[in-house]
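Novice: let me see the structure of the following:
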Amino acid sequence: MANVGQDEQIQLHVSITGATAVVVSEVRSASKVELCHKTDTGEYHLIEVSTSAEPAHRAHGDGKVGDPVPGAPTKVFSASCQPVGVGLTIKKSTNGQDADGAPGPSIQVGAPVTWTYVVTNNGGAALNNVKVVDDKGVTVNCGAQTTLAAGASMTCTATGVATLGQYVNIGTATADTGGGSVSDRDSSHYLGVQAAEEAPAAKVQLCHRTGNGRYQPIEVSVSAEPAHRAHGDGKVGEAVPGNASKVFLPGCSVS
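Specialist: The predicted structure is shown next:
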């Protein structure tokens, strides 16, 4: 062959009849591309061809690393040209609880809420441009990570404040495979509740002994009753302390 340049790619179409070989066509190119080439056994191996020859090879069933495998759209070519499955899952939780179904955890209105999104590449090829969004518009933070190796996971978070009533939001993860995209979604719930009102302290009516020895009605907490009785107080209908012949009448008069 004449006039072959340095690093020049030459694609030959040869017709062989018996012991005679005839060059039918010749394509030259300095530009090259790597493809996963399908052999007669149905296996693939990496080859380098001229860009001008790429269409013919793709028609034969070849493809680039990351491209969908012809005839098997759920698989892509790995870095070693092996057809591998692609997949992506997301698992969302609210304040540490999975809460796929309602009502989810009860959270006091105004209290902080933390949503966690665990994204996993359960396929055999790396995923790029990994993104997580939430349908309620909360900001999901995944840090700087946007890629997932095969079998790897990443954790993203979002925060908010609990509102009253039943609440549900849905997290969606998407990623690029090189020849297409994959996605998954998961929901999580919580129930916003009002703060429980404190029950009023139990009270008791006593006849309270004043400094001049008389008695007047007062209301004190049950917990304070023993101290008042030690002071000489008592209830209506009871005997007057120190004078068992007399009792407290309504209004705390003594008879």
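Novice: and the closest residue to G251 other than its chain neighbours, how close does it get to G232?
Specialist: Sequence neighbours aside, P217 is the residue nearest to G251 in space, at 6.7 Å (criterion: Cβ to Cβ, 6 or more residues apart in numbering). To be clear about C-beta, it is placed using only N, CA and C from the backbone, and glycine gets the same treatment. In this view, P217 and G232 are 15 Å apart by Cβ to Cβ, to the nearest Å.
Novice: ok, now E225?
Specialist: Separation of E225 from G232 (Cβ to Cβ) stands at 13 Å.
Novice: how about Q108?
Specialist: Per Cβ to Cβ, Q108 is found 45 Å from G232.
Novice: ok, now I218?
Specialist: Taken as Cβ to Cβ, the span from I218 to G232 is 13 Å.
Novice: over to T17?
Specialist: In terms of Cβ to Cβ, T17 sits 131 Å off from G232.
Novice: between these two, who's got more neighbours?
Specialist: Legend: neighbour count by other Cβ atoms under 10 Å for T17 and G232, higher for G232 (14 against 7).
Novice: which residues are in contact with the more buried one?
Specialist: Contacts for G232 (Cβ atoms under 8 Å, 6 or more residues apart in numbering) come out as 209, 241-242.
Novice: at 10 Å instead, please
Specialist: 207-209, 213, 215, 240-242 (Cβ atoms under 10 Å, 6 or more residues apart in numbering).
Novice: right, and out of the residues you listed, which lies closest to A195?
Specialist: Among the contacts of G232, H208 lies closest to A195 (Cβ to Cβ), at 35.3 Å.
Novice: need the pLDDT of the nearest residue to that closest one once chain neighbours are set aside.
Specialist: The shortest distance from H208 to any non-neighbouring residue, by Cβ to Cβ, 6+ apart, is to I218 (4.3 Å). At I218, the predicted lDDT confidence score is 93.
Novice: before we move on, the earlier item: could you check how far the residue nearest to G251 is from S253?
Specialist: From P217 to S253 the distance is 10 Å (Cβ to Cβ).
Novice: between these two, which contacts overlap?
Specialist: Common neighbours of P217 and S253 (Cβ under 10 Å, 6+ apart) are 207, 236.
Novice: ranges for the helices of the stretch 1-150 of the chain?
Specialist: Assigned by DSSP state H, counting those that start in this stretch, the helices in the stretch 1-150 of the chain fall at 54-60.
Novice: show me what contacts V113?
Specialist: Residues near V113 by Cβ under 10 Å, 6+ apart: 94-95, 105, 107, 138, 158-163, 167, 169, 188, 190, 192.
Novice: ok, back up a step: tell me which residues form a beta bridge with the residue nearest to H208?
Specialist: Applying DSSP bridges to I218 yields these beta-bridge partners: L206.
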